[in-house]
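Visitor: One predicted model, sequence on top.
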Amino acid sequence: MARRRIIAGNWKMNKTPSEAVALVAELKDLVKNDDVDVVYCVPAIDIVPVAEAVKGTNVHVGAENFYIVDNGAFTGEISAPMLKDAGVEYVIIGHSERRDIFGENDILINQKVKKAFASGLTPILCCGESLALRKADTYKEWIERQITWDLDGVTADQVKKLVIAYEPIWAIGTGETATADQAEEVCGLIRKLIAKLYDQATADEVRIQYGGSMNAGNAAELLSKENIDGGLIGGASLKPDFGKIVNA
Ligand code: PGA
């Protein structure tokens, strides 16, 4: 089954609004590829200028986070209707930095996945194990538990549109990439789990990304794997290298 490739940049807490617009201009010609969905997931304050800057190009805009209520007394938060109105199509949910630094648990992450779908946003749902779990050889059970909790109550039709990012925490920002075989093992496992939780048709459609020190040098091999449909890219999304990953 041919799934459309999706290459998303996760800018994290980088780029002021004016720097963001400059980066969009720098990457504009490098990221052209009509066969790939290209997404820039950017800090909240960059969303409006980036949405304006990518108009007329092949780039889609994503957010890095949001809260599950539409409006009200939630100081510091941003809502799905705000994102939609600004032109956002994708939203990263459950990134390991949100889980580990900001204490987000699978109950909240599950609520966010459901709220994103209800609001017309496509979630990029992140999962991944720590180095300790990898060494203890319990990473497969961990990933299965994360995905099972995070998708509780999510329908098959929604999962068909979902993007799942497998990001081993030990490979994020460390320069240590999972080997293509290690990444493929877990992405294949996730697809099997989706077949078990839903059905084979849903498993065939869900798109699964690898993330963790993906760069211009290792992208082609990772993306050649059967169950890896794209990448969620941190550090390398802020450089011209991102264009090489889009076109790997
Ligand atoms: P990295 O980050 O590419 O810098 O390792 C990936 C991510 O955290 O999404």
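Guide: Nice, thanks for sending it over. Only a predicted model underlies this, so the values are computations on that prediction, with no experimental measurement involved.

Visitor: And whichever helix in the chain runs longest, what's buried?
Guide: When the chain is scanned for its longest helix (criterion: DSSP state H), the result is helix 180-197. Residues of helix 180-197 classed as buried: 180, 182-187, 189-191, 193-194, 197 (neighbour count, 16 or more other CB atoms under 10 Å). All C-beta spots, glycine's among them, are computed from the backbone N, C-alpha and C.

Visitor: Report the mean per-residue pLDDT for that helix.
Guide: On average, the pLDDT along helix 180-197 is 98.

Visitor: For it, name the packing helices and strands.
Guide: helix 139-150, strand 163-166, helix 200-205, strand 207-211, helix 219-223 (3 or more CB pairs under 8 Å, 6 or more residues apart in numbering; DSSP states H and E).

Visitor: can you list those in a markdown table and add distance to I47, mean pLDDT and mean neighbour count?
Guide: Output for these, formatted as a markdown table (distance: least, CB to CB, whole Å; pLDDT from 0 to 100; neighbours: other CB atoms under 10 Å):
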| stretch | distance to I47 | mean pLDDT | mean neighbour count |
| --- | --- | --- | --- |
| helix 139-150 | 24 | 98 | 18 |
| strand 163-166 | 18 | 98 | 27 |
| helix 200-205 | 28 | 98 | 16 |
| strand 207-211 | 21 | 97 | 27 |
| helix 219-223 | 26 | 97 | 20 |
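
Visitor: Relative to the ligand, which of these is closest?
Guide: strand 207-211 (4.3 Å; CB to the nearest ligand atom).

Visitor: Redo the helices and strands packed on helix 180-197 as a markdown table? Include distance to F102.
Guide: Listed next are the helices and strands packed on helix 180-197 as a markdown table, based on distance: least, CB to CB, whole Å:
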| stretch | distance to F102 |
| --- | --- |
| helix 139-150 | 16 |
| strand 163-166 | 17 |
| helix 200-205 | 30 |
| strand 207-211 | 18 |
| helix 219-223 | 28 |
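
Visitor: Tell me the predicted confidence for the residue lying farthest from the centre of the chain.
Guide: Going by CA atoms, centre = their mean, the residue of the chain most distant from its centre is A73, 28.0 Å out. You'll see A73 listed with a pLDDT of 98.
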